[in-house]
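In: My questions are about this predicted structure, shown below with the sequence.
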Amino acid sequence: MNKLITIVLAMGLLIWNPYPFQILELKTFDYLIMNTEVVQNENILIVDIDEETVSTYGGWPIPRSVYGDAIMATQAVPGITVLMPNKDLRGPMQDTYFERRLEVKPTVLAYAASTQVRNVKAPHVGTAQLGEDPLPWLYEYPGIIPTESTLESKIKGIGVVTATPELDGVTRRIPLVVNVGSKLYPSFALELLRVAVNDPSYQLKTTPEGIDWIRIPNYPLMNTDANARIFLNWNTNFYRQSLVEFLKEPIDAPFVIIGTTAEGVTNPVPTPAGAKYPHEIQANILHNLITGTAPSAPSWTLSAQLAFGLLSLTLLALTVSRVYLSILALVLVVAGAMYGMGYAYKSSYLLNLNGIVVVSILYWGYHTFLSFLSEYRQKLRIKQQFGTYVSPDLVKKLQEDPSLLRLGGSTEQLTFLFSDIRGFTPISEKYQKNPQGLTSLINRFLDNQTEIILKHGGTIDKYMGDCIMAFWGAPLPDENHIENATKAAIEMRIALEKLNETLKDEGLDQINTGAGINSGPCVVGNFGSTTRFDYSVLGDAVNLAARLESSCKNYDADLIISEHSLVDGYDYEFLDEVTVKGKSEPVKIYTIRK
């Protein structure tokens, strides 16, 4: 359920597409576009009205007659991105001169969509619209800065030069069509291509998801995003001249775009390739329209992104519980995203999978951390549960492979040892006024004996006052559980003798024990309530071991072993065949003398 919830949250984050994701998307597109091979455009000449030009013609604005001479100096289809909303300051003769040349030479002039003016009186070109109504999808402006009316009547085309910066202020995409006063206005470059082929309109197709494509007949479809925008390919070189050079000896090209670069006249806009002037941007648009290769992000890319995101998160959800497998899955997701974006770009599509990479890494990191935390807590629980009952080596094995634990009541063949102090009551009576002394003595005894049990792979089930209950064969399997229990019992004798020598030197009472060993089937696991439980054993074989320990005093022995716990290599002494309390069948018992 937790994995499903995080998948839903991750998908919601992808749909939300927050600011960092958008910036990452744009920077990735910049990288893809700027790292393509640089090409030389053979169709477009850029003409700059630079400082030299302005100085040559007596300052800004330059006379309109100069524009008239410029459009007549070439056989190309000319376009001028300089806005001309008013009459020439130098007098009507300048406008008249320019108008007469416009009548002869099909030319495209510029106007600008504006958020400040409310004027919508400007000519617009007819559009062949296919599909849905495009107006809701287009960038909408309240007004437009038109070209001077007498010039409008003479020109063959007029287009918008307005730029649309992204959220970081950089211009990457330009709309090919905008909406002003519920009318469609084409971009300057689109209009320049239309005039060149002398077509009365351009075609635009709209789907329920937005603008699909725009084109001039006889030219390739230009796929756009839902808002009719295309990303510009900045790795294109253009032939360029200053206007002064152009008027003297123009470079031959099918299209000429004239614009201003003079300092303080027109402000360039920031682009991924640096600051660009409006006529440079329009040259890039025209280049893409001619080749039909402008990278775009059609409406279907969002569905593709979400589908890939869901697939990636599902793959991680299925593998995240296994670290190494999940790392491989994460690598596949990241590599697949990188390859997918590169492959789509080669097909002129911009597919943004960066957000998926980010959420996949976050998803993997979150669940890997949870798995690590869960594993750490499991190891901590194992250590807390078994750390004082089994040897550190066994605890480490259980932590490394918790599956070795067979909890919850499985039936196993184990060996059990009960060891108790003989004559404990007289000893305790001597410490009635010194209970701390008795506690210290018992703890020394338990430490002495416990160390031996753990050394031989035994598990301390519990301490019952002065009695120790231990078993072999769980929680880790032990094929030699009988032999290890017997070795422990013999060594416990030796260790107790050494402890008694120390106690004697200290003037303390000697400790004698009785122990019982039995082997047999039992149920081992966690027993107790849901809030408090112990790892322990239950069964007849356990009870028999306890009965044998209590029978030591009857046979003057410190160790009694049932016939079920005999192994080779020891000198057993037969004691009796007895029927212990609670048992109906007799059992043979033995001891190993000191």
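Out: Happy to help now that I have it.
In: Please count neighbours and contacts with C-alpha atoms only from this point.
Out: OK.
In: and the strand or helix carrying residue 461, which strands flank it?
Out: Using DSSP states H and E, residue 461 falls within strand 459-464. In the sheet, strand 459-464 lines up against strand 467-472 (antiparallel) (DSSP bridges).
In: Can I get the partner strand in PDB? Just the C-alpha atoms.
Out: Provided in PDB are the C-alpha atoms of strand 467-472 (Å, rounded to 0.1, in the frame of the first residue of the first chain):
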ATOM      1  CA  CYS A 467      18.200 -22.200  37.400                       C
ATOM      2  CA  ILE A 468      19.400 -22.000  33.800                       C
ATOM      3  CA  MET A 469      17.300 -23.300  30.900                       C
ATOM      4  CA  ALA A 470      19.100 -23.700  27.600                       C
ATOM      5  CA  PHE A 471      18.600 -25.500  24.300                       C
ATOM      6  CA  TRP A 472      20.500 -26.400  21.100                       C
END
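In: Contacts for it next, please.
Out: Under the criterion C-alpha atoms under 8 Å, 6 or more residues apart in numbering, residues 414-421, 446, 453, 457-463, 478, 481-482, 484-485 lie in contact with strand 467-472.
In: quick one, helices of the stretch 351-500 of the chain?
Out: Using DSSP state H, counting those that start in this stretch, the helices of the stretch 351-500 of the chain run over 354-386, 392-400, 424-430, 435-455, 481-505.
In: Flag whichever of the ones you listed has the least confidence on average.
Out: Of all those, mean pLDDT reaches its minimum on helix 392-400 (a mean of 61).
In: Now do the buried residues in the strand holding residue 461.
Out: 459-461 (16 or more other C-alpha atoms under 10 Å).
In: Next, the buried residues of the one helix or strand residue 184 maps to.
Out: Using DSSP H and E, residue 184 maps to strand 183-186. For strand 183-186, the buried set under the neighbour-count rule, 16+ other C-alpha under 10 Å, comprises 183-186.
In: I'd like to know which elements that strand is packed against.
Out: Using 3 or more C-alpha pairs under 8 Å, 6 or more residues apart in numbering; DSSP states H and E, the elements in contact with strand 183-186 are strand 157-160, strand 177-180.
In: pLDDT below threshold where in this protein?
Out: In the predicted model, the chain carries pLDDT under 70 at residues 1, 118-122, 124, 378-379, 381-409, 528-533, 581-583.
In: Tell me which of the helices of the stretch 351-500 of the chain lies nearest to residue 267.
Out: helix 354-386 (32.9 Å; C-alpha to C-alpha).
In: now the angle between strand 459-464 and the closest one, please.
Out: Helix 354-386 and strand 459-464 are oriented at 50 degrees to each other (axes from the mean of the first three to the mean of the last three C-alpha atoms, to 10 degrees).
In: could you point out which element follows the strand holding residue 184?
Out: Toward the C-terminus from strand 183-186 - assigned by DSSP H and E - lies helix 188-197.
In: Chain neighbours aside, what residue packs nearest to residue 220?
Out: In space, and not counting its chain neighbours, residue 220 is closest to residue 292: 5.2 Å by C-alpha to C-alpha, 6 or more residues apart in numbering.
In: Can you say which of the helices and strands packed on strand 183-186 is packed in most?
Out: Of all these, strand 157-160 carries the top mean neighbour count, a mean of 27, counting by mean count of other C-alpha atoms under 10 Å.
In: OK, contacts around residue 112?
Out: 83, 144-146, 160-162.
In: rerun at 7 Å
Out: 144-145, 160-162 (C-alpha atoms under 7 Å, 6 or more residues apart in numbering).
In: For my notes, confirm it occurs in a helix.
Out: No - going by DSSP: H, G, I helix; E, B strand; the rest coil, the assignment for residue 112 is strand, not a helix.
In: From residue 498, how far out is it?
Out: 103 Å (C-alpha to C-alpha, to the nearest Å).
In: right, and the helix or strand after the helix or strand containing residue 282?
Out: Element membership of residue 282 [criterion: DSSP H and E] is helix 278-291. Going down the chain from helix 278-291, the next helix or strand is helix 300-319, by DSSP H and E.
In: re earlier: could the helices of the stretch 351-500 of the chain go into a markdown table alongside distance to residue 587 and mean neighbour count?
Out: Shown next, in a markdown table, are those (distance: least, C-alpha to C-alpha, whole Å; neighbours: other C-alpha atoms under 10 Å):
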| stretch | distance to residue 587 | mean neighbour count |
| --- | --- | --- |
| helix 354-386 | 33 | 17 |
| helix 392-400 | 33 | 17 |
| helix 424-430 | 28 | 13 |
| helix 435-455 | 26 | 17 |
| helix 481-505 | 17 | 18 |
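In: Please tell me how far stretch 432-442 is from the chain's geometric centre.
Out: 61 Å (C-alpha atoms, centre = their mean, to the nearest Å).
In: what's in contact with that stretch?
Out: With C-alpha under 7 Å, 6+ apart, stretch 432-442 has contacts from 428, 431, 466.
In: What would the strand holding residue 184 look like as PDB? C-alpha coordinates only.
Out: Output of strand 183-186 as PDB, limited to C-alpha atoms (Å, rounded to 0.1, in the frame of the first residue of the first chain):
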ATOM      1  CA  LYS A 183      -8.300  37.200 -35.000                       C
ATOM      2  CA  LEU A 184      -5.400  35.100 -36.100                       C
ATOM      3  CA  TYR A 185      -2.100  36.900 -36.900                       C
ATOM      4  CA  PRO A 186       0.900  35.000 -38.300                       C
END
